[in-house]
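Engineer: Could you work out the structure for the sequence below:
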Amino acid sequence: MTNYKYYYNNVPKHGLCRNNLIYTSLISEDKKTFVQWYHNDSDYHKGMNEVIDPNLMDMKFNREVKYLTLMGKEYPDHVPAFEINEVERKIFLEVQGNDFWEQSGCLEENYSNVLPDWQEQMIEIFQAHKSLGLYKYSLHPSSYFIVNGKLKSFNYFFTYQDGEGPLTVREHLSHISEGRRQEMKPKTDAMGIDWDEPQTLHTMQMLTFESFRNNYPSDFIERARNVFSTN
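Structural biologist: Purely as a prediction, here's the structure:
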């Protein structure tokens, strides 16, 4: 029987931090299986649980299943191999060690040391999203694993597809850490975005890229924006 433990990111100056705000993150002892457990676990979230409503948690699980499955069908090289347990609300991802961010010591300057062509691979994933009409807003470097030298994308619970929306920022604050909310406010002000005003999926994607400028090189953010700026 496989044993699992809570999975955290060891962030410089912050120590062990929960890997995700929505679900409970688990990893097998051999680090070959990562589990997205769509369960409100107070021990894991240390009393800072963002999603209390079980209906909202189910909605996030269903969205993850829908778009991870779509990617697995259309672009299997871009996502980990996975299995879904509908009853337990768990998604099992085949991985090799810690996530991309953790392997980099949670430091941007180490990304290329871990995976030299990470930029090209991530851009290819964004291009796959665009081809499917997907707008993925969970783009933190901990939302990727590396398997056999290939970047694998997950965390599709915060993804929408052409025909959905518009969305407001405020209705998704449970997906955004307090620190990132504070960093994001000047960006939404600069873009003329009211947190209570519905925005198009494209505008939200552009905001997402702007929000991650502290996690990725500026030139990479421009490349990412260009993927969604061209027809």
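Engineer: Check which helices and strands the helix or strand of the chain with the lowest mean pLDDT sits against.
Structural biologist: The weakest-scoring helix or strand in the chain, judged by mean pLDDT, DSSP states H and E, is helix 178-191 (a mean of 81). In terms of contacts (3 or more CB pairs under 8 Å, 6 or more residues apart in numbering; DSSP states H and E), helix 178-191 is packed against helix 201-211. All C-beta atoms are positioned from the backbone trio N, CA, C, and that covers glycine.
Engineer: Skip ahead from the helix it packs on and say which helix or strand is next.
Structural biologist: Counting by DSSP states H and E, the next helix or strand C-terminal to helix 201-211 is helix 218-229.
Engineer: Counting neighbours, which bits of that following helix end up buried?
Structural biologist: Across helix 218-229, burial judged by 16 or more other CB atoms under 10 Å covers 220-221, 223-225, 227-228.
Engineer: so where is the protein shaky, pLDDT-wise?
Structural biologist: Along the chain, the model assigns pLDDT under 70 to residues 1, 50-52, 230-231.
Engineer: which residues in it form helices?
Structural biologist: 42-45, 54-74, 100-103, 111-114, 118-131, 178-191, 201-211, 218-229 (DSSP state H).
Engineer: got the CA positions of the third one in PDB?
Structural biologist: C-alpha atoms of helix 100-103 as PDB (Å, rounded to 0.1, in the frame of the first residue of the first chain):
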ATOM      1  CA  PHE A 100       9.500  22.600 -10.900                       C
ATOM      2  CA  TRP A 101       9.500  25.400  -8.400                       C
ATOM      3  CA  GLU A 102      10.700  23.300  -5.500                       C
ATOM      4  CA  GLN A 103      13.500  21.700  -7.500                       C
END
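Engineer: tell me how far it is from the chain's mean position?
Structural biologist: 13 Å (CA atoms, centre = their mean, to the nearest Å).
Engineer: Now do it: which elements does it pack against?
Structural biologist: strand 8-11, helix 111-114, strand 144-147.
Engineer: Likewise for the fifth one?
Structural biologist: Using 3+ CB pairs under 8 Å, 6+ apart as the contact criterion, the elements in contact with helix 118-131 are strand 150-153, helix 218-229.
Engineer: Check the gap between the spatially most central residue of the chain and K32 for me.
Structural biologist: Among the residues of the chain, the one closest to the centroid is S138, at 3.3 Å (CA atoms, centre = their mean). Applying CB to CB, to the nearest Å, the value for S138 to K32 is 23 Å.
Engineer: do A190 as well
Structural biologist: 43 Å.
Engineer: Over to R181?
Structural biologist: R181 sits at a distance of 35 Å from K32 (criterion: CB to CB).
Engineer: Likewise for Y67?
Structural biologist: The value you get for Y67 to K32, if CB to CB is used, is 24 Å.
Engineer: same deal with C106?
Structural biologist: Here C106 is placed at a distance of 22 Å from K32 (CB to CB).
Engineer: same check, this time on F154
Structural biologist: From F154 to K32 the distance is 15 Å (CB to CB).
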